[in-house]
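Asker: kindly return the folded structure for what I paste below:
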Amino acid sequence: MSTELTPFSYCILALVGRGGAGPHDLARMMREGQGIWAAARSQYYAEPKRLERLGYLESAKQPGQTTERTHYTLTARGTKALTGWVAEPTQYSRIQSEPAIKLLAADFVDDAVTVESIRALREQIADISAQVDSAAARAHEFPHRERYLRLNHAFMRAILKAHEELVDRVEEELGRS
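Answerer: Numbers count the residues shown, from 1 in each chain. As a prediction, this is how the structure comes out:
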(Lines give C-alpha, C1' and ligand atoms only; values in the text may rest on other atoms or scores of the structure.)
Protein backbone atom coordinates (compact mmCIF):
# COMPACT_ATOMS: atom_id res chain seq x y z
CA MET A 1 0.00 0.00 0.00
CA SER A 2 1.35 3.39 -0.97
CA THR A 3 1.95 5.85 1.86
CA GLU A 4 0.29 8.59 -0.19
CA LEU A 5 -2.88 6.53 -0.51
CA THR A 6 -5.26 6.11 2.40
CA PRO A 7 -8.05 3.54 2.80
CA PHE A 8 -10.42 6.27 1.58
CA SER A 9 -8.21 6.77 -1.51
CA TYR A 10 -8.69 3.10 -2.40
CA CYS A 11 -12.42 3.49 -1.81
CA ILE A 12 -12.49 6.30 -4.37
CA LEU A 13 -10.34 4.34 -6.86
CA ALA A 14 -12.67 1.34 -6.51
CA LEU A 15 -15.78 3.47 -7.00
CA VAL A 16 -14.31 5.14 -10.09
CA GLY A 17 -13.64 1.61 -11.34
CA ARG A 18 -13.66 0.67 -15.01
CA GLY A 19 -16.40 3.07 -16.11
CA GLY A 20 -15.27 6.19 -14.34
CA ALA A 21 -17.36 8.48 -12.17
CA GLY A 22 -17.92 12.10 -11.31
CA PRO A 23 -17.75 13.48 -7.78
CA HIS A 24 -21.57 13.64 -7.63
CA ASP A 25 -21.67 9.94 -8.63
CA LEU A 26 -19.17 9.09 -5.89
CA ALA A 27 -21.20 10.96 -3.28
CA ARG A 28 -24.39 9.17 -4.37
CA MET A 29 -22.74 5.73 -4.35
CA MET A 30 -21.34 6.28 -0.89
CA ARG A 31 -24.64 7.62 0.43
CA GLU A 32 -26.16 4.32 -0.72
CA GLY A 33 -23.32 2.43 0.93
CA GLN A 34 -23.17 4.49 4.10
CA GLY A 35 -23.39 1.42 6.28
CA ILE A 36 -20.10 0.16 4.89
CA TRP A 37 -18.05 3.36 4.55
CA ALA A 38 -18.74 6.82 5.88
CA ALA A 39 -17.00 10.07 5.11
CA ALA A 40 -17.97 13.71 4.82
CA ARG A 41 -19.59 14.54 1.50
CA SER A 42 -16.88 17.13 0.84
CA GLN A 43 -14.26 14.37 0.82
CA TYR A 44 -15.90 12.81 -2.25
CA TYR A 45 -15.13 16.02 -4.10
CA ALA A 46 -11.67 16.71 -2.64
CA GLU A 47 -10.11 13.24 -2.78
CA PRO A 48 -10.52 12.69 -6.55
CA LYS A 49 -8.79 16.03 -7.17
CA ARG A 50 -5.93 14.96 -4.91
CA LEU A 51 -5.70 11.58 -6.63
CA GLU A 52 -5.60 13.33 -9.99
CA ARG A 53 -2.72 15.56 -8.84
CA LEU A 54 -0.87 12.40 -7.75
CA GLY A 55 -1.46 10.72 -11.12
CA TYR A 56 -3.94 8.00 -10.05
CA LEU A 57 -6.95 9.56 -11.80
CA GLU A 58 -7.48 11.77 -14.82
CA SER A 59 -10.47 13.94 -15.51
CA ALA A 60 -12.40 15.19 -18.49
CA LYS A 61 -15.38 17.49 -18.75
CA GLN A 62 -18.65 15.93 -19.89
CA PRO A 63 -22.04 17.50 -20.55
CA GLY A 64 -24.35 17.60 -17.55
CA GLN A 65 -28.01 18.54 -17.15
CA THR A 66 -27.22 22.20 -16.58
CA THR A 67 -23.42 22.58 -16.64
CA GLU A 68 -20.39 20.55 -17.58
CA ARG A 69 -19.46 17.81 -15.13
CA THR A 70 -16.07 16.44 -14.21
CA HIS A 71 -15.67 12.74 -14.97
CA TYR A 72 -12.74 10.82 -13.49
CA THR A 73 -11.16 7.67 -14.87
CA LEU A 74 -8.33 5.52 -13.55
CA THR A 75 -4.88 6.04 -15.00
CA ALA A 76 -2.48 3.13 -15.48
CA ARG A 77 -0.92 4.16 -12.15
CA GLY A 78 -4.35 4.16 -10.48
CA THR A 79 -5.21 0.75 -11.90
CA LYS A 80 -1.87 -0.67 -10.75
CA ALA A 81 -2.35 0.76 -7.24
CA LEU A 82 -5.90 -0.57 -7.01
CA THR A 83 -5.08 -4.07 -8.25
CA GLY A 84 -2.09 -4.24 -5.92
CA TRP A 85 -4.21 -3.19 -2.97
CA VAL A 86 -6.99 -5.71 -3.78
CA ALA A 87 -4.38 -8.49 -3.79
CA GLU A 88 -3.13 -7.58 -0.29
CA PRO A 89 -4.53 -9.62 2.61
CA THR A 90 -7.81 -8.11 3.77
CA GLN A 91 -7.87 -6.71 7.29
CA TYR A 92 -10.79 -6.92 9.70
CA SER A 93 -12.93 -3.80 9.32
CA ARG A 94 -12.40 -0.97 11.75
CA ILE A 95 -15.68 -0.38 13.47
CA GLN A 96 -16.88 2.88 14.92
CA SER A 97 -20.08 1.87 16.65
CA GLU A 98 -22.10 4.52 18.43
CA PRO A 99 -24.48 1.90 19.89
CA ALA A 100 -21.54 0.06 21.48
CA ILE A 101 -20.23 3.26 23.08
CA LYS A 102 -23.70 4.24 24.30
CA LEU A 103 -24.04 0.82 25.93
CA LEU A 104 -20.62 1.28 27.50
CA ALA A 105 -21.86 4.51 29.11
CA ALA A 106 -25.39 3.25 29.86
CA ASP A 107 -24.73 3.03 33.58
CA PHE A 108 -24.95 6.85 33.69
CA VAL A 109 -28.67 6.87 32.80
CA ASP A 110 -31.80 4.93 33.53
CA ASP A 111 -32.24 1.77 31.40
CA ALA A 112 -35.39 3.24 29.83
CA VAL A 113 -33.30 6.12 28.44
CA THR A 114 -30.85 3.65 26.89
CA VAL A 115 -33.67 1.56 25.41
CA GLU A 116 -35.23 4.63 23.75
CA SER A 117 -31.86 5.80 22.46
CA ILE A 118 -30.98 2.43 20.93
CA ARG A 119 -34.54 1.91 19.66
CA ALA A 120 -34.07 5.00 17.45
CA LEU A 121 -31.83 2.82 15.25
CA ARG A 122 -34.88 1.05 13.84
CA GLU A 123 -35.80 4.00 11.59
CA GLN A 124 -32.22 4.32 10.29
CA ILE A 125 -32.03 0.58 9.70
CA ALA A 126 -35.23 0.76 7.64
CA ASP A 127 -33.87 3.69 5.60
CA ILE A 128 -30.55 1.98 4.93
CA SER A 129 -32.34 -1.27 4.09
CA ALA A 130 -34.38 0.58 1.47
CA GLN A 131 -31.17 2.04 0.01
CA VAL A 132 -29.61 -1.43 -0.17
CA ASP A 133 -32.75 -2.76 -1.87
CA SER A 134 -32.60 0.10 -4.38
CA ALA A 135 -28.91 -0.51 -5.08
CA ALA A 136 -29.52 -4.25 -5.43
CA ALA A 137 -32.28 -3.60 -7.96
CA ARG A 138 -29.78 -1.65 -10.09
CA ALA A 139 -26.91 -4.16 -9.81
CA HIS A 140 -27.73 -5.59 -13.25
CA GLU A 141 -26.82 -2.18 -14.74
CA PHE A 142 -23.19 -2.97 -13.90
CA PRO A 143 -22.64 -6.44 -15.40
CA HIS A 144 -18.87 -6.31 -14.82
CA ARG A 145 -19.52 -5.79 -11.09
CA GLU A 146 -22.91 -7.42 -10.55
CA ARG A 147 -21.81 -10.49 -8.62
CA TYR A 148 -19.47 -8.41 -6.44
CA LEU A 149 -22.22 -5.91 -5.74
CA ARG A 150 -24.55 -8.75 -4.73
CA LEU A 151 -21.94 -9.98 -2.26
CA ASN A 152 -21.66 -6.47 -0.82
CA HIS A 153 -25.45 -6.22 -0.58
CA ALA A 154 -25.57 -9.51 1.33
CA PHE A 155 -22.83 -8.25 3.66
CA MET A 156 -24.71 -5.00 4.23
CA ARG A 157 -27.92 -6.90 5.00
CA ALA A 158 -26.00 -8.99 7.57
CA ILE A 159 -24.70 -5.81 9.23
CA LEU A 160 -28.24 -4.41 9.33
CA LYS A 161 -29.55 -7.68 10.78
CA ALA A 162 -26.88 -7.52 13.51
CA HIS A 163 -28.05 -4.01 14.39
CA GLU A 164 -31.70 -5.15 14.47
CA GLU A 165 -30.72 -8.01 16.77
CA LEU A 166 -28.88 -5.58 19.05
CA VAL A 167 -31.97 -3.39 19.31
CA ASP A 168 -34.10 -6.47 20.05
CA ARG A 169 -31.67 -7.63 22.75
CA VAL A 170 -31.45 -4.18 24.37
CA GLU A 171 -35.26 -3.95 24.44
CA GLU A 172 -35.49 -7.45 25.88
CA GLU A 173 -32.77 -7.14 28.54
CA LEU A 174 -33.03 -3.51 29.55
CA GLY A 175 -36.72 -3.00 28.86
CA ARG A 176 -37.84 -5.33 31.60
CA SER A 177 -36.22 -3.41 34.45
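Asker: and the most centrally placed residue in the chain, what pLDDT?
Answerer: Residue closest to the average C-alpha location in the chain (CA atoms, centre = their mean): residue 37, at 2.9 Å. Model confidence at residue 37, given as pLDDT, is 72.
Asker: also residue 55?
Answerer: Per-residue pLDDT puts residue 55 at 97.
Asker: doesn't residue 74 make contact with it?
Answerer: No. Using CB atoms under 8 Å, residue 55 is not in contact with residue 74, being 10.7 Å away. Every residue, glycine included, has its C-beta placed from N, CA and C.
Asker: looking at those two now, which is surrounded by more residues?
Answerer: More crowded of residue 55 and residue 74, by other CB atoms under 10 Å: residue 74, with 22 against 12.
Asker: can you map out the helices along this structure?
Answerer: All helices of the chain, identified by DSSP state H, fall at 7-16, 23-32, 43-53, 76-87, 98-104, 111-119, 121-137, 146-174.
Asker: low-confidence bits of the chain, can you list those?
Answerer: Low-confidence segments of the chain, defined by pLDDT under 70: 1-2, 33-36, 177.
Asker: care to break the chain down by domain?
Answerer: By the record's domain assignment, the chain is partitioned as 7-87, 98-174 (automatic domain parsing).
Asker: need the winner for burial among those.
Answerer: Of all these, domain 7-87 has the most neighbours on average by mean count of other CB atoms under 10 Å, namely a mean of 16.
Asker: what's the end-to-end length of it?
Answerer: Using CA to CA, to the nearest Å, the end-to-end distance of domain 7-87 comes out at 14 Å.
Asker: cool, thanks, talk later.
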